Each structure stands twice: as C-alpha cells, then as structure tokens.
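Novice: Using only what follows, build the 3D model:
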Amino acid sequence: MKPAWILIALCLCACLAACGPDPQSLPATETAIAARIYATLTASAPTITPEATITPPPPPSPTPTSSPTPLPQGQVQASVLNLRAGPGTQYESLLSLQRGMLVDLAGQYNQCEWIKIRVEGQQEGWVKGGDGFLTFPLACANLPSGTFRPLNGSLLADTRARTGMGFLSLQNQTSADALVFLNEDSSSPQLAFYVRSMETFDLSGIPNGSYQVFVARGTEWNGDARAFERLEETLRMQEKLVFKSAAGQASLWTLILRTLAGSTENALPISPAEFPPLP
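Specialist: Numbering: from 1, shown residues only. Sure, this is the predicted structure:
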C-alpha cells in the first residue's frame, strides 16, 4: 500500500428557519437549506494547521511478477454494439461496434453480464454480455473480473431505515478516487458512496445520529470484489460526525480530502483489515 497521508478539513453549520417544514414541502426545504449553507461553507472554509506528523515507512522492494496469459478474442454478434465507459447503460457510450468485429477480451463483471474488451489493442471499454451481443471461446468462469471507475456519487451501500435532513458535501481534491463510509453504531456501513478524484458529491437525507467516517483511496475498482485493486490508503476520522435536525434546524458538514505529504489532520491511517467491508 503506497503511503500518502490525507488532510480532511471539515465544517459544520446549522440552518435556521422560522418553523419546521411540513412533510409535503420537505424536499424543497432540504434543497434550499443545502444550497444556502453549501454556498456559505464553500466561501468561508477555514485553513487547518496540521497537529500531528507521521513519517511513512520506506516502501517495500517490488516483487517480480510474471506476465499474465493473454485472453482470446471475441466476435461481435449484434448489428450495432455500444462500447461503454463502464458496465452499465448509465455509462457514456464511447463508440459503436459492428457485427463481425474481432475484439480482445479483458475481463467481465457480474457473471459476464458485461464484458470488458479492447478494440484493436487500444481503446478499452465494456459491452453487454450474452451470445446475442458477443461470443468468445472461453467459459465465463475463466474470465477475470474487469476493473472500472464507478460514476461519481454512486451509492454502494444504503441501509437507512429512515431519512433525515442531514447534509454532507465531500470534496475529493486528491489524485485517487475515494470510497467513503458513514457508520452508526455498527461495523457495517449505513451509507457508502464513491467520489472520483477532483470531484464533489453532495449527500442529503442523512438521519439524525453520530457517524464514524472511514475513507479508502485507490484506483482500479473491482466491482465483483467491491474493492480497489490498487489501494493507496485507508483512514478513519478521529471524531464522529453528529447530525441533528429539529424544528427547521439541520446539520450540514463539508469534508475536504487534500493530500498533505508527511502528516495528517483529523484522520488516522488504519490497516485495510480495520476497514469495514461493503455488504
């Protein structure tokens, strides 16, 4: 695991209204609260001076690895087959493949529901699986899991029994993607979401409670294993985030992930074994 410490800056603000919203107007009220408070926090985010310094250990010597055996080719069967940036129709379409085209296999997702391919050994993407779309001389069990980048803000776990008025804005200002967990009195995440490098995700509807925050940063997301294949760092915030809302008052937190070589603020490095698994 490559050592790279993270500065997590955070802000809290409460939004006050003359009276609590009625249930029918709650979504509009939440939107107004989020927009107003987020603008305030963005304009006035404080600079936090690091308090702790951690010297990373020297990296281990690289272990020689053998080159993987090349996978066979597949042949397009559909008259037109979209090559997409990820395994799903919600991902951007990169180009259209024609029937009869030969492509290099690179992996699969969800028992070959989607197949990762390379076109002419260069452009990489995903196509729909099934004999009506793509055929290849290999059993699905012999295809490795392919890696991809989930869409920014993808909810990977949501076990909320109720919703609330809590609001969290997370800004990932680091060079790696982030998996963020909110845990309330449990080792399994109540909320887990994906934030791409240099992007922001705003999450509303967080119920009242006290949440432990975990962050993992890395690249090459394995959708079947639900984990980064190239994990850079796992962290736990030192203090819990407390969300309260009542009579028009709502808690709003802004978390900013920033790379800060040699030290950390508000977060502690933890081993991957201490990071809670996705359900």
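Novice: In the protein, where's the longest strand?
Specialist: If you go by DSSP state E, the chain has its longest strand at strand 209-222.
Novice: Give me the buried positions along that strand.
Specialist: For strand 209-222, the neighbour count (16 or more other CB atoms under 10 Å) marks 209, 211-218, 221-222 as buried. C-beta here means a position set from N, CA and C on the backbone, and glycine is covered the same way.
Novice: Could you list everything the most centrally placed residue in the chain pairs with in the sheet?
Specialist: The chain has residue 194 as the residue nearest its centroid, 1.6 Å off, counting by CA atoms, centre = their mean. Beta-bridge partners recorded for residue 194 (DSSP bridges): residue 179.
Novice: Which residue ranges of the stretch 151-279 of the chain form strands?
Specialist: Remark: strands assigned in the stretch 151-279 of the chain by DSSP state E, counting those that start in this stretch are 155-158, 166-172, 177-183, 191-195, 199-206, 209-222, 227-237, 241-243, 245-246, 249-259, 263-264, 267-269.
Novice: other SSEs contacting the third one?
Specialist: When you say that, I think you mean strand 177-183. strand 166-172, strand 191-195, strand 209-222 (3 or more CB pairs under 8 Å, 6 or more residues apart in numbering; DSSP states H and E).
Novice: Just the pLDDT for residue 120.
Specialist: On the pLDDT scale, residue 120 is placed at 83.
Novice: Tell me where the protein is predicted with low confidence.
Specialist: For the chain, the stretches with pLDDT under 70 are 1-68, 261-265.
Novice: Report the buried residues of stretch 242-259.
Specialist: Neighbour-count burial for stretch 242-259, with 16+ other CB under 10 Å as criterion, is recorded at 243, 245, 248, 250-257.
Novice: Out of the residues you listed, the closest to residue 76 would be?
Specialist: Closest approach to residue 76 among the buried residues of stretch 242-259 (CB to CB): residue 257, at 40.6 Å.
Novice: quick one: that closest one and residue 169 touch, right?
Specialist: No. Assessed by CB atoms under 8 Å, residue 257 is found out of contact with residue 169, at 11.7 Å.
Novice: one step back: and the strands of the stretch 151-279 of the chain as TSV, adding distance to residue 113?
Specialist: Below are the strands of the stretch 151-279 of the chain laid out as TSV (distance: least, CB to CB, whole Å):
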stretch	distance to residue 113
strand 155-158	17
strand 166-172	28
strand 177-183	22
strand 191-195	19
strand 199-206	26
strand 209-222	15
strand 227-237	19
strand 241-243	36
strand 245-246	39
strand 249-259	32
strand 263-264	40
strand 267-269	36
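Novice: ok, the residue nearest to the centre of the chain to residue 209 distance?
Specialist: Distance of residue 194 to residue 209, given as CB to CB, to the nearest Å: 22 Å.
Novice: follow-up on the earlier one: residue 119: which of the strands of the stretch 151-279 of the chain is closest?
Specialist: The minimum distance between residue 119 and those falls on strand 209-222, with 19.9 Å, by CB to CB.
Novice: Return the alpha-carbon coordinates of that closest one using CSV.
Specialist: This file holds the C-alpha atoms of strand 209-222, laid out as CSV (Å, rounded to 0.1, in the frame of the first residue of the first chain):
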residue,chain,number,x,y,z
GLY,A,209,-27.2,10.3,14.6
SER,A,210,-23.5,10.1,15.3
TYR,A,211,-21.4,8.6,12.4
GLN,A,212,-17.9,7.2,12.2
VAL,A,213,-16.3,8.1,8.9
PHE,A,214,-13.9,5.8,7.0
VAL,A,215,-12.2,6.7,3.8
ALA,A,216,-10.3,4.4,1.3
ARG,A,217,-8.4,5.9,-1.6
GLY,A,218,-7.3,4.0,-4.7
THR,A,219,-7.6,3.1,-8.3
GLU,A,220,-8.8,0.1,-10.4
TRP,A,221,-12.2,-0.6,-8.8
ASN,A,222,-13.2,-4.3,-8.9
